[in-house]
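In: this is a predicted model, with the sequence first.
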Amino acid sequence: MSEMSNIEFLVLDIDSNPNSPIRGEFMVRGIPACFYVRAGKVISSKIGMTTESDFLAWINSNK
């Protein structure tokens, strides 16, 4: 995935961290929840399971 070398992926287990401010800040309602953030603002979100190709298409559509 060299085409994504400038993207940082972070993982938070909200079940193990129910009081995390991230949960409220991003209004996580479903798991898995992915957020595309640029300059501190959520550009797009993807909630629920997806295929690898759909996930990559989502990322590429937000570049």
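Out: Looks like it arrived, so ask away.

In: and the residue nearest to residue 28 when sequence neighbours are not counted, what does it touch?
Out: Residue nearest to residue 28 in three dimensions, not counting chain neighbours: residue 14, with 5.9 Å by C-beta to C-beta, 6 or more residues apart in numbering. To be clear about C-beta, it is placed using only N, CA and C from the backbone, and glycine gets the same treatment. Neighbouring residues of residue 14 by C-beta atoms under 8 Å, 6 or more residues apart in numbering: 20, 22-23, 28, 31.

In: and the pLDDT at residue 14?
Out: Note for residue 14: predicted pLDDT of 81.

In: swap in residue 62?
Out: Looking at residue 62, its pLDDT reads 89.

In: would you check that it makes contact with residue 44?
Out: Yes. Between residue 62 and residue 44 there is a contact under C-beta atoms under 8 Å: 4.9 Å.

In: what touches both of those two?
Out: Shared contacts of residue 62 and residue 44, defined by C-beta under 8 Å, 6+ apart, comprise residue 36.

In: can you list the strands that the helix or strand harbouring residue 35 pairs with?
Out: Take DSSP states H and E as the rule and residue 35 turns out to sit in strand 33-38. Note on strand 33-38: by DSSP bridges, its sheet partners are strand 41-47 (antiparallel).

In: list the buried residues of the strand it pairs with.
Out: For strand 41-47, the neighbour count (16 or more other C-beta atoms under 10 Å) marks 45-46 as buried.

In: ok and the following helix or strand past it relative to strand 41-47, angle-wise?
Out: Helices and strands here follow DSSP H and E; after strand 41-47, the next one along the chain is helix 52-61. Using axes from the mean of the first three to the mean of the last three C-alpha atoms, to 10 degrees, the inter-axis angle of helix 52-61 relative to strand 41-47 is 170 degrees.

In: any regions of the protein where pLDDT drops low?
Out: Low-confidence segments of the chain, defined by pLDDT under 70: 1-3.

In: identify the bridge partners of the residue most central in space within the chain.
Out: Nearest to the geometric centre of the chain sits residue 34, at 2.1 Å (C-alpha atoms, centre = their mean). Applying DSSP bridges to residue 34 gives these bridge partners: residue 46.

In: so it makes contact with residue 48?
Out: No. Using C-beta under 8 Å, residue 34 is not in contact with residue 48; the gap is 9.4 Å.
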